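Chemist: requesting a structural model of the entry that follows:
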Amino acid sequence: MALEISRPKITDDQHFQRTTNSVSEHKIKRTETKKFLDRLSNTKQQHVNMKKQESWLNWEGVRQKKLSWKELWNGRYTWRHDKVLSVLADTLERSRKKPRKKKRSLRFVNFVKAGEQTTRSTVEGSGLLGTAGEWQMRADLKGRMQFPQEIAVTNQRPDIVLWSTSIKQAVLVELTMPWEERIEEAHERKRNKYQDLVADCQQQEWKMWCLPVEVRCRGFVGQSMWRALRIIGITGPERRQLIGHLSREAELASMWLWRKRNDKWTGKTDH
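Modeler: Residues are numbered from 1 along each chain as shown. A predicted model of the protein is given here:
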């Protein structure tokens, strides 16, 4: 005996209502899709506008240029260098005066990647400043700095010298503000510049640390700066804060020089 299943009949009004609902849902989805695409387009346009507004950060249209001695001695690029150097020197001076737990020597932690045979060392602990309590410091700012004669007699003037006579250790810090593509070249040039001085100091039984550091002229702080601060003993939030200050100072100084590029340099600035 076959079962008969009765299905409810759909009236014309119900069919019309279903069709209307389907059309309405389609319109809603199409409207939402259009709004999403419009928002996406506006976001892309805003990004383009922001890039144009901040195009000075990329210095669009600016060509790389090797500076002449006349331009260097003119003062404006030395001014930018010294603005960044003063930020670095101030932090090192404060850190030098902080009380630290003394350690006779630095401890190094070796890290080896999978498959590597050579090791890489990184400083652990309080850094060099933690190996003695009577560190002295000189920075080549506001006049000609004289290299400490108890270390060596020389006419060379690194940007910053940190030294301790009790443990006969010294740190040379040399800041360069190169163009982005020349950062490695600048690092090697500065390291080679002080090779003879380091060798002379080592002959006098001083343990020397030569730390060339770079802050690019558009504000990017090189990895050499991060490593140097870690070796000296500036780590954690203090290091991150200093990196931010160095980047901002370099960026502002470069922007100021760019805006005043056609003005005669007088040595007086409002920055």
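Chemist: what about the stretch 151-271 of the chain, any weak spots by pLDDT?
Modeler: Applying pLDDT under 70 to the stretch 151-271 of the chain picks out residues 267-271.
Chemist: tell me which stretches of it form helices.
Modeler: For the stretch 151-271 of the chain, applying DSSP state H, counting those that start in this stretch gives helices covering 183-193, 195-203, 223-232, 236-259.
Chemist: how about these in JSON lines, adding mean neighbour count and distance to Val153?
Modeler: (Each C-beta comes from the backbone N, C-alpha and C, glycine too.) Converted to JSON lines, the helices of the stretch 151-271 of the chain look like this (neighbours: other CB atoms under 10 Å; distance: least, CB to CB, whole Å):
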{"stretch": "helix 183-193", "mean neighbour count": "15", "distance to Val153": "17"}
{"stretch": "helix 195-203", "mean neighbour count": "14", "distance to Val153": "9"}
{"stretch": "helix 223-232", "mean neighbour count": "19", "distance to Val153": "25"}
{"stretch": "helix 236-259", "mean neighbour count": "16", "distance to Val153": "32"}
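Chemist: turn those into TSV, columns for distance to Thr78.
Modeler: Formatted as TSV, the helices of the stretch 151-271 of the chain follow (distance: least, CB to CB, whole Å):
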stretch	distance to Thr78
helix 183-193	16
helix 195-203	21
helix 223-232	19
helix 236-259	11
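Chemist: closest to Arg144 out of the ones you listed?
Modeler: helix 195-203 (16.4 Å; CB to CB).
Chemist: tell me what that closest one is packed against?
Modeler: When contacts are defined as 3 or more CB pairs under 8 Å, 6 or more residues apart in numbering; DSSP states H and E, helix 195-203 sits against strand 169-176, strand 207-214.
Chemist: what about the strands in this protein?
Modeler: 107-111, 120-124, 136-139, 160-164, 169-176, 207-214 (DSSP state E).
Chemist: before we move on, the earlier item: single out the most deeply packed of the helices and strands packed on helix 195-203.
Modeler: Burial of those is given as mean neighbour count (mean count of other CB atoms under 10 Å); strand 169-176 ranks first at a mean of 24.
Chemist: contacts for it, please.
Modeler: For strand 169-176, contacts defined as CB atoms under 8 Å, 6 or more residues apart in numbering pick out 81, 84-85, 88, 92, 128, 131-132, 148, 151, 158-164, 186-187, 189-190, 193-194, 197-198, 201, 206-215, 228, 231-232.
Chemist: so which bits of stretch 147-160 are buried?
Modeler: 147-148, 151-152, 154, 158-160 (16 or more other CB atoms under 10 Å).
Chemist: Ala186 and Arg216 touch, don't they?
Modeler: No - counting by CB atoms under 8 Å, Ala186 does not reach Arg216; the two are 9.5 Å apart.
Chemist: ok, Ser86 - contacts?
Modeler: Going by CB under 8 Å, 6+ apart, Ser86 touches 139, 141.
Chemist: what's the pLDDT at it?
Modeler: On pLDDT, Ser86 comes in at 96.
Chemist: same check, this time on the one 3 residues further on
Modeler: For Ala89, the model assigns a pLDDT of 97.
Chemist: so what's the residue count around it?
Modeler: By other CB atoms under 10 Å, 20 other residues sit near Ala89.
Chemist: return the residues in contact with Asp82.
Modeler: Here Asp82 is in contact with Leu141 (criterion: CB under 8 Å, 6+ apart).
Chemist: likewise His81?
Modeler: Residues near His81 by CB under 8 Å, 6+ apart: 175, 177.
Chemist: before I go, just wanted to say thanks for your time.
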